[in-house]
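Coordinates for the following, if possible.
(chains A and B)
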Amino acid sequence: RKEVEQDPGPFNVPEGATVAFNCTYSNSASQSFFWYRQDCRKEPKLLMSVYSSGNEDGRFTAQLNRASQYISLLIRDSKLSDSATYLCVVNEGNNAGNMLTFGGGTRLMVKP
Amino acid sequence: EPEVTQTPSHQVTQMGQEVILRCVPISNHLYFYWYRQILGQKVEFLVSFYNNEISEKSEIFDDQFSVERPDGSNFTLKIRSTKLEDSAMYFCASVSGRGDYGYTFGSGTRLTVV
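Below you'll find the model as predicted:
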């Protein structure tokens, strides 16, 4: 059974804080990795892909450790608008047609 | 920015009835998907569709479910004889398949079976 596990949180942080989320996946053959953001009762929206070398997009940094089957997301200088559920998502193959396996999400609440 | 469009946004149906959920994927995308999310639970894969046929399906996607791309733009999910446990948010998604594996999801159809 292919699993993606995340700490459900919630993480309650003040504005301006740095917060990190972690995720582990069970399928060592997984090829593509993503972080999605989901607001309450809305669709998942792609935040960023995660590359082996690590990658950064503004205040967001994603890391992948294939040996440990571990993915992380770091958010710097948290904004109120960052409050959402962050979904760790794994593409189970190396083809766009392969299914995505979602983690249960980590809820972030940024307070003033 | 191109969007995946889903209709209706909310569907209420009686147990045992058939429902059809509709999606218009992004026009130049090649792969189409249905996912569902029961309230408070993970997003779960149902089915993927490529080149006018199912390419992969989960154990959830049994004979009660079917998909169709009837006219080259719409992509539908039919649920026959709905059960209470089919109540969920159903998301359609598409991806171009040309070196970009980031899916675009539609805003979902909330299905309530009563």
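
What parts of chain A come near chain B?
Residues of chain A lying close to chain B (C-beta under 8 Å from any C-beta of the partner chain) are A:32, A:34, A:41-46, A:49, A:87, A:91, A:96-105. C-beta coordinates here come from the backbone N, C-alpha and C atoms, glycine included.

cutoff 6 Å now
Those residues of chain A that sit near chain B, judged by C-beta under 6 Å from any C-beta of the partner chain, are A:S32, A:E43, A:P44, A:L46, A:S49, A:N91, A:A96, A:G97, A:M99, A:F102, A:G104.

gap between the second one and B:G106?
I take that to be A:E43. 6 Å (C-beta to C-beta, to the nearest Å).

Could you check which of those two has the larger neighbour count?
In this view A:E43 and B:G106 are compared by other C-beta atoms under 10 Å in any protein chain shown, and B:G106 has more residues nearby, 26 against 21.

Touching, the more buried one and B:C92? I think so.
Yes. Using C-beta atoms under 6 Å, B:G106 is in contact with B:C92, at 4.4 Å.

Touching both of the two, which residues are there?
B:V4, B:Q6, B:C23 (C-beta atoms under 6 Å, 6 or more residues apart in numbering or on different chains).

So for A:E43 and B:G106, which residues contact both of them?
Counting by C-beta under 6 Å, 6+ apart, nothing touches both A:E43 and B:G106.

so how far is the helix or strand where A:F34 lies from its chain's centroid?
In this assignment (DSSP states H and E), A:F34 forms part of strand A:32-38. Chain-centre distance of strand A:32-38: 5 Å, with C-alpha atoms, centre = their mean, to the nearest Å.

same check, this time on stretch A:23-31
13 Å.

follow-up on the earlier one: neighbouring strands - and their directions - for the strand holding A:F34?
Sheet pairing of strand A:32-38 (DSSP bridges) gives strand A:44-50 (antiparallel), strand A:84-91 (antiparallel).
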